[in-house]
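Asks: Could you work out the structure for the sequence below:
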Amino acid sequence: MKKAIALLVAFALMAPALSGNSAEAAGSAAGGVDTARSFYQYYAYVQAAVTEDTMYFKTGNSDFVQFVDKATGITGPLCGRPECGHNSKDCDAWVGQTARMFIDGGRLYAVSMFPESGWGGYPVYSMALDGKDHRTEGYLDSEMLPGFGETPYYLLHNGVLYYGNLDHFIENGEEKFYNHICAFPLGGKTEPYDILWEEVPITWDFSMQFYGDGLYFITNELAADTEDRYDFRLRRYDVRTGEIETLYEDLSSPPGKATEFWVTDGGVYFDRRTNDPLEVKIYFYDFETGTCAYQFSTGVEWSRMGIADDLVTGLNVTARDNGVRDLLVVLKDFDGNELVNETYSFDFGFLELEDGGLDYSAWETFFLGRDETQAYYAFNGERTSIIAVALDGSGARVLCTEAGQ
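Replies: Residues are numbered from 1 along each chain as shown. Reported below is the predicted structural model:
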């Protein structure tokens with residue numbers, strides 16, 4: 001045990017050298033895979049970002065960033081100080097409760113979920129990839145973000161941090177919904193400004209993504225006088241002109257809401273879900289023709305799913321006795337070719353209730369992203385485990401389990 005602890009501390013001290021020299025220090029893979037976008041998924045309860053060698057991750061119930069070496073599985077809080085207890089703000093790994101975490105320009109960024117007392121804004125932290133050199137890059141004006149929502153997006157582009165979300169408000173005792181995008185220039189030289197402030201009746205699942213100088217976003221409003229049809233829109237905001245263009249819309253149509261998408265030179269891939277049968281369908285909007293067409297299904301009924309660089313995944317988890325989870329993973333490329341269709345079994349243990357029953361409710365499974373060789377998933381429970389699935393179909397493994405604090 002002492003030898004293992006010494007090895008973990010030694011690796012933490014070496015982490016800056018490994019990550020700082022990485023060809024992916026800015027979040028883009030040397031092999032051409034866009035890992036920065038690939039690890040920026042719709043539901044961010046488990047946040048993750050990668051370099052060529054290392055994954056950084058944190059859960060919604062943790063204040064500390066963890067790292068894991070992708071080759072060895074060695075993991076721990078992102079702190080190289082052996083005397084640190086990793087239990088306070090003095091720890092290098094501390095970022096507090098964050099809404100998003102990502103790598104940009106060779107630094108790790110984290111956006112706080114809560115305004116800092118005395119400043120009236122949400123702090124934006126950054127740090128070197130070894131956890132040192134903490135900075136507060138700025139504060140996001142809380143008056144610009146007065147609502148609350150499920151899955152806020154924060155994207156950094158040319159020194160401007162863009163926020164996008166479905167915001168909820170209570171106005172005169174009535175719940176209001178807004179599609180909201182605003183921009184916060186870091187450094188305090190320019191005032192923040194709204195880009196989209198759009199009241200809608202009831203809306204779900206806002207997503208956005210940068211590609212070049214275009215901020216693409218999708219919205220899903222429940223269509224009038226329906227219970228299961230949505231007004232779906234794909235739009236683009238040009239940061240140079242300030243104009244918003246509707247690229248495609250499908251109003252009150254049978255395919256359900258969309259959560260994930262991926263922009264390419266030729267167009268946009270995105271998902272839409274159907275209730276009968278229960279499946280996730282992938283569509284493609286073509287920039288040149290202005291048309292949209294169905295491509296293929298994930299092949300997993302009503303599943304969690306994800307879209308990354310030339311990769312679509314569907315996954316389902318079945319809980320068996322004694323804490324065993326069966327994870328069904330389907331991976332396809334953008335042409336619909338099946339790369340993986342396997343069920344992997346993992347024993348994560350279980351939580352015992354006072355009456356002797358078993359509690360599986362704390363467990364959720366999320367797609368994190370992909371690199372050149374593997375797709376990554378998170379099993380989130382009492383502690384989070386990272387699962388790596390080989391894209392060549394050669395198997396899956398538990399890469400690490402979150403170190404306790």
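Asks: Show me how far stretch 65-72 is from its chain's centre.
Replies: Relative to its chain's centre, stretch 65-72 lies at 18 Å (CA atoms, centre = their mean, to the nearest Å).
Asks: what bridges to Y216?
Replies: Assessed by DSSP bridges, Y216 has beta-bridge partners Q209, R236.
Asks: wait, doesn't it sit right on R233?
Replies: No: the criterion here is CB atoms under 8 Å, and Y216 misses it with R233 at 11.1 Å. All C-beta atoms are positioned from the backbone trio N, CA, C, and that covers glycine.
Asks: quick one: contacts for V330?
Replies: T298, G299, V300, T313, G314, L315, E338, V340, N341 (CB atoms under 8 Å, 6 or more residues apart in numbering).
Asks: Just the pLDDT at it, thanks.
Replies: If you check V330, the pLDDT there is 96.
Asks: confidence score at the closest residue to A224 other than its chain neighbours?
Replies: Nearest residue to A224, sequence neighbours excluded (CB to CB, 6 or more residues apart in numbering): P201, at 7.0 Å. Listed pLDDT for P201 reads 79.
Asks: Wasn't A36 part of a helix?
Replies: Yes: assessed by DSSP: H, G, I helix; E, B strand; the rest coil, A36 belongs to a helix.
Asks: Just give the number of residues close to it.
Replies: 22 (other CB atoms under 10 Å).
Asks: Go ahead and confirm it touches F102.
Replies: Yes: under the criterion of CB under 8 Å, A36 makes contact with F102 at 7.0 Å.
Asks: In the stretch 101-250 of the chain, where is pLDDT below threshold?
Replies: Along the stretch 101-250 of the chain, segments meeting pLDDT under 70 span 118-120, 148-150, 203.
Asks: can you do 80?
Replies: 117-120, 146-150, 188-189, 201-204, 225-228 (pLDDT under 80).
Asks: chain center to stretch 57-65: distance?
Replies: With CA atoms, centre = their mean, you get 13 Å for stretch 57-65.
Asks: got the contact list for it?
Replies: 45-49, 56, 66-68, 77-79, 86, 91, 93-98, 101, 108, 110, 131, 368, 378, 380, 384, 386, 402, 405.
Asks: redo that, cut-off 6 Å
Replies: Outside stretch 57-65, the residues that touch it by CB atoms under 6 Å, 6 or more residues apart in numbering are 45-48, 56, 66, 77-78, 93-96, 380, 384.
Asks: what does stretch 295-314 give?
Replies: The contact list for stretch 295-314, computed with CB under 6 Å, 6+ apart, reads 33-34, 38, 41, 260, 262, 278-282, 284, 315-316, 330-334, 336, 367, 369-370.
Asks: In strands, which of the residues you listed fall?
Replies: Applying DSSP state E to these, the entries found in strands are 262, 278-282, 284, 315-316, 330-332, 367, 369-370.
Asks: What's the end-to-end length of stretch 39-54?
Replies: The first and final residues of stretch 39-54 sit 13 Å from each other (CA to CA, to the nearest Å).
Asks: Stretch 311-329 now?
Replies: Start-to-end, stretch 311-329 (CA to CA) is 12 Å.
Asks: for that stretch, which positions count as buried?
Replies: Within stretch 311-329, the residues that count as buried by 16 or more other CB atoms under 10 Å are L311, V312, T313, G314, L315, N316, V317, G323, R325, L327, L328, V329.
Asks: Reformat the residues you listed as TSV; add distance to M208.
Replies: Formatted as TSV, these follow (distance: CB to CB, whole Å):
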residue	distance to M208
L311	20
V312	19
T313	20
G314	22
L315	23
N316	27
V317	28
G323	37
R325	32
L327	29
L328	29
V329	26
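Asks: Output the contacts of stretch 57-65 in a markdown table; the columns should cover pLDDT and distance to T246.
Replies: Formatted as a markdown table, the contacts of stretch 57-65 follow (pLDDT from 0 to 100; distance: CB to CB, whole Å):
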| residue | pLDDT | distance to T246 |
| --- | --- | --- |
| Y45 | 85 | 31 |
| V46 | 91 | 33 |
| Q47 | 93 | 30 |
| A48 | 96 | 32 |
| Y56 | 97 | 36 |
| Q66 | 94 | 41 |
| P77 | 94 | 45 |
| L78 | 95 | 42 |
| A93 | 94 | 43 |
| W94 | 94 | 42 |
| V95 | 94 | 37 |
| G96 | 93 | 38 |
| N380 | 79 | 36 |
| T384 | 87 | 39 |
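Asks: Which secondary structure state does the spatially closest residue to I282 that is not a sequence neighbour sit in?
Replies: Spatially, and ignoring its direct neighbours in sequence, I282 is nearest to Q295 (4.7 Å; CB to CB, 6+ apart). Assigned state for Q295: strand (three-state reduction, three-state DSSP).
Asks: Burial check on A183, number of neighbours?
Replies: 21.
Asks: The one 10 residues further on now?
Replies: Residues contacting Y193 under the criterion other CB under 10 Å number 12.
Asks: For the closest residue to it other than its chain neighbours, pull up the helix or strand it's in.
Replies: Spatially, and ignoring its direct neighbours in sequence, Y193 is nearest to A183 (5.7 Å; CB to CB, 6+ apart). Using DSSP states H and E, A183 sits in strand 174-185.
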